[in-house]
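Undergrad: Starting from these lines, generate the structure:
(chains A and B)
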Amino acid sequence: MTAFLIRRSGFALITLFAVLTIIFLIVRILPGDPAQVILGDQADAASIAALRTRLGLDQPLLVQYAGFLSGALRGDWGVSLVTGRPVIQEVISVLPWTVELTFFALLIGAVIGIPLGVWAAVNRNHATDYVVRIVSLLGLSFPAFVSGILLLIGFAIQLRWFPVISGQRGTLWQWFQSLALPAINLGLIMAAYITRVTRSAMLEVLSEDYVRTARAKGVPWRAVVWRHALRNALIPIITIVGLYLGVLIGNSVLTEIVFNRPGLGKLIVGALNQRDYTMLQGMMVIYTLLVVMINLATDVVYGLADPRVKLQ
Amino acid sequence: MTVEAPSVPTTGFQRLLSATFRAFNTNKTSWVGLGVFMTIVLLAVLAPWIAPHDPVEQNIFAKLQSPSATYWMGTDYFGRDILSRLLHGARYSLIIGIVATFFAMVVGSLIGILAGYYGGRFDLLIMQVMDILLAFPSLILGLIIVAMLGPSLTNIIIAISLTSIPSFARIARAPTIAVKEREFVEAGRALGYSDARIMFRHILPNITAEILVMFSLWTASAIRTEASLSFIGLGLKPPTPTWGGMIREGFENILDSYWLVLMPGVAILIVVFALNLLGDGLRDAIDPKLKGEQ
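TA: The predicted structure follows:
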């Protein structure tokens, strides 16, 4: 197991290194001189040269590369070209919003998705199964911004249960109001994915011999399903849901825009629109770190769950 | 020296046809998906003839009208007919979705077959690269690529393609590994067939069904990504009618004219859902064990 962990971590490090190099190159080959882009067409040569020095653009590419790599690992991702604040500070200031949204979305997704998936699997090929399958397929067909807008029209504009723009979060009630719709939006989409994954994992497990054995020795059906089968199905569920975190991240960007919530998604879209290169570079590093860590975690869970993986 | 199997094209075609028919009948919802999708394709093709108004013609005297006999789905802030914009917008959604996915299917399958067939270090390296790409949130990847290249039709297609190439590579690789151990491939090798011939004449036909099912599912996803990019503002430039762009523009008037966002939103949902129904149903036919897995 230790060897497996070391090998996977090694892979993760190589991946991280490769992607960081690609990010460095991409930002350098973007059309136009960043200093020129920042200062505009009217800028004189002297101020462009000064900015180039300040950004370190006048140094040899290798020196820039070394600086970028060591900075990326130390958490020093430069200064936003628009606000002038360190990128890491900008990221940290919005991170709680994204973490909170993602956490509650996953929670809602699991609370709805797992029971629905189990229910569908147990009633395979019955009416309930078909209804659950069609509804979950509909759920994962929704682009997050369309479902978000529908929620906004229904609950904020028609029913007026929630404010359309939710910025205030002084009291617990205000916090709940600002979080509820975005978390429900993202949570329902996650629920659709989790339902389908749970259903197929349960179908697999329910056909195993130990389930039949448990039945044969007289364990009540309910206990077989929820204790014996679901416990074993949870491992593939966790693994596959880990793979869907990419979907979750993409959808959280759209959700943040629709509900006008601060977060990583709004930060990256803002950086793209304003051509904030250093911010963009920092955001790409963050997403890479996230992706590599999620991959590693998924691998480890998978390795823990399935002894055969270690032998590869 | 070549030993050709006797080929009878008519029966081969008939067999393919009846196999397709059986696949559709395994799960009847795939017929529904196909029907709805083909209807939308037809409407998109006929858009220039059936659209009641010019999709980009502005009429400030008729701005923000609610649905009426003249404007069945109302008008937007510039007095443009929503229905006409929807019909024309369908063309962009479908073209981008289908071309991008087709491109990803060809490139991704090729990568997957090569990796699966040759195996070893080559396979390990290629699939590691694919895994990194796969793990990266496709919307973020799409955003960055379009922002770098600029939002033209070609660039959007390239960006969306790149995000789904790894999935096709994975889908093509697994069955290639399974098929390449089978006797008929062994026999081909014994007869001295080239690797290319074995891969494309003998392995490819065996994995086509799976790849085609994935084609419909990924077209759904591509159409959704295109709409998302347009919604964020990285789609085709206005006044080109794109569904995501219509929602973006309509979002500013959501408080009093919510049909501006409702109509294109429902349109996107219908297309994506139809393609998912189609692909999901067909997958049941190919692998009953995977029934319902996404």
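Undergrad: show me where the stretch 151-294 of chain B has helices.
TA: B:153-179, B:183-190, B:195-197, B:204-232, B:243-250, B:259-286 (DSSP state H, counting those that start in this stretch).
Undergrad: now, of these, which is deepest in the fold?
TA: helix B:243-250 (a mean of 25; mean count of other Cβ atoms under 10 Å in any protein chain shown). In short, each C-beta sits where N, CA and C put it, glycine included.
Undergrad: In terms of secondary structure, what does that helix contact?
TA: When contacts are defined as 3 or more Cβ pairs under 8 Å, 6 or more residues apart in numbering or on different chains; DSSP states H and E, helix B:243-250 sits against helix A:144-151, helix B:82-118, helix B:204-232, helix B:259-286.
Undergrad: nearest to A:Lys217, of the helices of the stretch 151-294 of chain B?
TA: With Cβ to Cβ as the criterion, A:Lys217 lies closest to helix B:259-286 of these, at 33.6 Å.
Undergrad: what angle sits between the closest one and helix B:82-118?
TA: 30 degrees (axes from the mean of the first three to the mean of the last three Cα atoms, to 10 degrees).
Undergrad: right, is helix B:259-286 up against chain A?
TA: Yes: Helix B:259-286 comes into contact with chain A (Cβ under 8 Å from any Cβ of the partner chain), by way of B:261-262, B:265, B:268-269, B:272-273, B:276-277, B:280.
Undergrad: So which bits of the stretch 151-300 of chain A are right by chain B?
TA: Near chain B, when you scan the stretch 151-300 of chain A using Cβ under 8 Å from any Cβ, you find A:152-153, A:157, A:164, A:193, A:196-197, A:199-200, A:203-204, A:243, A:246-247, A:249-251, A:253-254, A:257-258, A:268-269, A:272-273, A:280, A:284, A:287-288, A:291-292, A:294-295.
Undergrad: Please repeat the previous calculation with a cut-off of 6 Å.
TA: A:153, A:196, A:199-200, A:246, A:249-250, A:254, A:269, A:272, A:287, A:291, A:295 (Cβ under 6 Å from any Cβ of the partner chain).
Undergrad: residues near A:Gly265, how many?
TA: Neighbour count of A:Gly265, defined by other Cβ atoms under 10 Å in any protein chain shown: 28.
Undergrad: Model confidence score at it, please.
TA: Looking at A:Gly265, its pLDDT reads 85.
Undergrad: State the helix or strand in which it lies.
TA: helix A:264-273 (DSSP states H and E).
Undergrad: buried residues in that helix?
TA: A:264-272 (16 or more other Cβ atoms under 10 Å in any protein chain shown).
Undergrad: Repeat that for stretch A:273-290.
TA: A:275-288, A:290.
Undergrad: likewise stretch B:121-141?
TA: B:123, B:126-127, B:129-141.
Undergrad: quick one: is it near chain A?
TA: Yes: on the criterion Cβ under 6 Å from any Cβ, stretch B:121-141 is in touch with chain A at B:132, B:135-137, B:139-140.
Undergrad: tell me the mean pLDDT for that stretch?
TA: 81.
Undergrad: how far is it from where the chain is centred?
TA: Relative to the centre of its chain, stretch B:121-141 is centred 20 Å away, using Cα atoms, centre = their mean, to the nearest Å.
Undergrad: Contacts for it, please.
TA: Outside stretch B:121-141, the residues within contact range by Cβ atoms under 6 Å, 6 or more residues apart in numbering or on different chains are A:15, A:246, A:249-250, A:287, A:291, A:295, B:115, B:163, B:166, B:169, B:228.
Undergrad: Can you tell me which of those residues is closest to B:Ile177?
TA: Closest approach between the contacts of stretch B:121-141 and B:Ile177, by Cβ to Cβ: B:Ala115, at 9.0 Å.
Undergrad: Let me see the confidence value for that closest one.
TA: Value for B:Ala115, per-residue pLDDT: 90.
Undergrad: Would you agree it is in contact with B:Arg173?
TA: Yes: here B:Ala115 reaches B:Arg173: they are 5.3 Å apart, a contact under Cβ atoms under 6 Å.
Undergrad: Just the closest residue of the stretch 101-250 of chain A to chain B, please.
TA: Nearest residue of the stretch 101-250 of chain A to chain B (Cβ to the nearest Cβ) works out as A:Gly250 at 3.3 Å.
Undergrad: Show the average pLDDT along stretch A:24-33.
TA: 69.
Undergrad: got it, and stretch A:188-208?
TA: Mean predicted confidence for stretch A:188-208 is 89.
Undergrad: which ones are touching the residue of the stretch 101-250 of chain A closest to chain B?
TA: Contacts of A:Gly250 by Cβ under 6 Å, 6+ apart are B:137, B:139.
Undergrad: Tell me how far the one helix or strand it maps to lies from the chain's centre.
TA: Using DSSP H and E, A:Gly250 sits within helix A:245-258. Averaging C-alpha positions (Cα atoms, centre = their mean) puts helix A:245-258 7 Å from its chain's average.
Undergrad: in that helix, what counts as buried?
TA: For helix A:245-258, by 16+ other Cβ under 10 Å, it's A:245-258.
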